[in-house]
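Visitor: Have a look; sequence and predicted model below, questions after that.
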Amino acid sequence: MSYPEPRYLGEKGEINAVFRDAGTPPDVVAPNGTATHYLASHASTGGEFGLYKVDMGPKAPGARTHFHRGISESFYVLSGEVQLYDGDRWITGRQGDFLYVPVGGLHAFRNDTDDPVSMLMLFSPGAPREEYFERVAEFAQRGGDELRDFQVRHDSFFV
């Protein structure tokens, strides 16, 4: 495999880095208390990837088994213990553990413990996941066709 074709053709480089202070409050706090930080959104990376820090409280339900048709998803555990489903079995992810889920791969996650968990979630390419994080609880309450249409629009196919 070789490097991709150059996309920047300048000679001197640019000043275009984006910094996010660790003290920045979460972008979304779900009704169950799960806080999501948009570290690198689809908009800020030009769709290259999306990177989100997710802080789940004790016994947070997470996401049940699903797959994506157009994006891969990766999980990196920062602290605590999270249950990760790799399509075959549930695995206890601890600090430093990593799970990569290719396009089409079944996966799920949840916090079964009485302690909080923090993890990074990486989507590639960078789909516009922000609306999903912001509105999934609202659509889950509605259920039915509205929920399914919302999930499909956000490349999430639950089984």
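Guide: Structure's in. What do you need?

Visitor: Now the spatially most central residue of the chain: closest residue in space, sequence neighbours ignored.
Guide: For the chain, M121 is the residue whose C-alpha lies nearest the centre (CA atoms, centre = their mean; 3.8 Å). If the residues on either side of it in the chain are set aside, M121 comes closest to Y52, at 4.8 Å by CB to CB, 6 or more residues apart in numbering. Glycine gets a C-beta too; all of them are placed from N, C-alpha and C.

Visitor: For that neighbour, give me the pLDDT.
Guide: Here, the pLDDT recorded for Y52 equals 97.

Visitor: Can you name every helix or strand that the helix or strand hosting it contacts?
Guide: Using DSSP states H and E, Y52 maps to strand 50-56. If contacts are counted by 3 or more CB pairs under 8 Å, 6 or more residues apart in numbering; DSSP states H and E, strand 50-56 sits against strand 35-40, strand 117-124.

Visitor: what does it contact?
Guide: 26, 33-42, 62, 78, 80, 82, 111, 116-124, 126-127, 129, 133 (CB atoms under 8 Å, 6 or more residues apart in numbering).
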